[in-house]
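Visitor: Fold the stuff below for me.
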Amino acid sequence: MRHLWLILGLSGVVLGTPLDDFINVVRERHGESGERAARFLVEHMPERDREQLSSEFLIENLELAFRARAEFPWAKDVPEDLFLNDVLPYAVFDEPRDPWRPAFLELGREIVGQARTAAEAAQALNRELFNRIKVHYNTGRKRPNASPQESIELGMATCTGLSILLVDACRAVGIPARAVGTPLWSNGRGNHTWVEIWDNGWHFTGADEYDPGGLNRGWFVGDAAQAKADVPRNAIYATSWKREGLTFPMVWSRRSEAVAAVNVTARYARVAEPDPHLARLGVRLWDQPRVSRLVARVTVLDNARRPGAGGETKAGTADLNDMPRFDLAQGARGWLRFDRDGEVRELAFGPLKPGEGTIDAVWGELGLVTPAVLELEAWLALPGSSVRQTHRSCSAR
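Guide: Numbering: from 1, shown residues only. So this is what the prediction gives:
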């Protein structure tokens, strides 16, 4: 795959013939439908692309989009307006313009061969693509809006780069796809980007976050439910090629209006007031401060050390905001107990303030819980009758 990508990359994007030549060539090859597609692409094209893209690049992109539309069963039924806006475009955001379609079409054929619907094909791509191209979540990437070739060469990308890859891979096999995101979660915990695909309606998924349960699942569902359509920085937007006034708020290029958008907050937000008496606590575990995350079983203990809710911390390719979260009472105090490979450590927390908060625990800084303490706690947790029976048995000996 890497070798193939390098070969294709040699064709590059260079200054070329006028855009009129692109439209004329496509009209000759594909008639009125081709001309409509070419004119749509050019009409809504960012100004930078008008100056830099060659007609050869644009022709290849359109030819392969039409080929996918004819080849894959789900693509044949895509309405023309969706095909033009969410299959035909050669870019998602303002990433460098790579000729990604040939490689992703070839790879996509292998991955989606058994799929019967666009949803099944998108699930297959999300399950296999990132392992095939060896790209996973890592904040050490070159830039958030990395192109497919940049991400493949580095073997890493953030949620935006991963979303670009999945959108492009879906488009390569005729699935309407777009990137979706918010510039800032309503709880103030940063931005996030994910993907929507169309299969008789829009459905969402996290890029490189395959869920065997299907689409419309993800760790960010709760955060997205608090989005606010009338607060621009807390709204949720989907990318669009067609320009109708709204632009996507790219956090890496805050003043740019290069990418069109639609406000899709209503599809995610729930109309509900947060409970003012609850505090929502997120938990991450690190080997060293902000270096590498660790996986561990985490349990919340109250101030009397009685165990409550539990979960598992995330590491590796999981998004930084993908973490176990616990709804606790305002003012609660207690302990977070972490279990890694049989070694148990803990950290005190509280009193908690209302709203959302995050604890970043560092494994080496946590207090060790000895086996003797764990055995004593287990004994004390036995039902009263069992404890009394144990006491009588010991006394009788």
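
Visitor: For Gly113, see how far away Pro73 is.
Guide: 12 Å (CB to CB, to the nearest Å). No exception for glycine: its C-beta is placed from N, CA and C like everyone else's.

Visitor: oh, I was asking about Cys159
Guide: In terms of CB to CB, Cys159 sits 28 Å off from Gly113.

Visitor: These two: who's more crowded?
Guide: Cys159 (26 against 9; other CB atoms under 10 Å).

Visitor: In this structure that one contacts His136, no?
Guide: No. With contact defined as CB atoms under 8 Å, Cys159 does not count as touching His136 (11.3 Å).

Visitor: Now do the contacts for Val300.
Guide: Leu281, Pro307, Gly308, Ala309, Gly310, Phe326, Leu328, Gly334, Trp335, Leu336, Arg337 (CB atoms under 8 Å, 6 or more residues apart in numbering).

Visitor: Make sure it is indeed in a strand.
Guide: Yes. Using DSSP: H, G, I helix; E, B strand; the rest coil, the assignment for Val300 is a strand.

Visitor: Dump the contacts of Val300 to CSV, plus neighbour count.
Guide: Below are the contacts of Val300 laid out as CSV (neighbours: other CB atoms under 10 Å):
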residue, neighbour count
Leu281, 23
Pro307, 14
Gly308, 12
Ala309, 13
Gly310, 13
Phe326, 21
Leu328, 21
Gly334, 24
Trp335, 18
Leu336, 21
Arg337, 22
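
Visitor: What about those residues, which are in strands?
Guide: Within those, residues falling in strands by DSSP state E are Leu281, Pro307, Gly308, Ala309, Gly310, Phe326, Leu328, Gly334, Trp335, Leu336, Arg337.

Visitor: For Ser292, state which of those is nearest.
Guide: Leu336 (18.9 Å; CB to CB).

Visitor: So what sits opposite that closest one in the bridge?
Guide: Judged by DSSP bridges, the bridge partners of Leu336 are Val300, Leu347.

Visitor: from what I can see it touches Glu346, true?
Guide: Yes. The pair Leu336 / Glu346 is scored as a contact, 6.3 Å apart, by CB under 8 Å.

Visitor: Now list whatever residues contact both of the two.
Guide: With CB under 8 Å, 6+ apart, Leu336 and Glu346 have common neighbours Leu301.

Visitor: contacting residues around the nearest residue to Asp302 once chain neighbours are set aside?
Guide: Using CB to CB, 6 or more residues apart in numbering and skipping the chain neighbours, the partner closest in space to Asp302 is Gly334 (4.7 Å). Gly334 makes contacts with Val300, Leu301, Asp302, Asn303, Gly308, Leu328, Ala348, Phe349, Gly350, as judged by CB under 8 Å, 6+ apart.

Visitor: repeat that for 10 Å
Guide: 281, 300-308, 326, 328, 346-352 (CB atoms under 10 Å, 6 or more residues apart in numbering).

Visitor: now Leu320
Guide: Leu320 neighbours (CB under 10 Å, 6+ apart): Tyr137, Thr139, Thr158, Cys159, Arg189, Gly190, His192, Arg284, Arg290, Arg293, Lys314, Thr358.

Visitor: Could you do Leu215 as well?
Guide: Per CB under 10 Å, 6+ apart, neighbours of Leu215: 119-120, 122-123, 126, 195-197, 199, 202-205.

Visitor: closest to Leu82 among those?
Guide: Using CB to CB, the contacts of Leu215 come closest to Leu82 at Trp202, 9.8 Å.

Visitor: wait, that closest one sits on Val180?
Guide: Yes. Counting by CB atoms under 10 Å, Trp202 does reach Val180; the two are 8.8 Å apart.

Visitor: Give me the common contacts of these two.
Guide: Joint contacts of Trp202 and Val180 (CB under 10 Å, 6+ apart) are Glu196, Ala238, Val264, Arg267.

Visitor: So for the third one, what's the nearest residue that isn't a sequence neighbour?
Guide: For Val264, ignoring the flanking residues on the chain, the nearest one in space by CB to CB, 6+ apart is Ala238 at 4.8 Å.

Visitor: Which strand or helix spans that neighbour?
Guide: Assigned by DSSP states H and E, Ala238 belongs to strand 237-240.

Visitor: Direction included, what does that strand pair against?
Guide: Using DSSP bridges, the strands paired with strand 237-240 are strand 177-182 (antiparallel), strand 260-263 (antiparallel).

Visitor: about what we covered before: just the buried ones from the shared contacts of Trp202 and Val180?
Guide: Glu196, Ala238, Val264, Arg267 (16 or more other CB atoms under 10 Å).

Visitor: Going by distance to Val78, which of those residues wins?
Guide: Nearest member of these to Val78, counting by CB to CB, is Glu196, at 14.1 Å.

Visitor: which SS class is the closest one?
Guide: Secondary structure state of Glu196, per three-state DSSP, is strand.

Visitor: what bridges to it?
Guide: The partner residues for Glu196, given DSSP bridges, come to Arg178, Phe204.

Visitor: and it, what does it touch?
Guide: 86, 122, 163, 167, 170, 176-180, 202-205, 215-216, 238-239, 264, 267.

Visitor: Shouldn't Asp339 be within a strand?
Guide: Yes. Counting by three-state DSSP, Asp339 is found in a strand.

Visitor: pretty sure it is in contact with Arg297, am I right?
Guide: Yes. Using CB under 10 Å, Asp339 makes contact with Arg297 at a distance of 4.3 Å.
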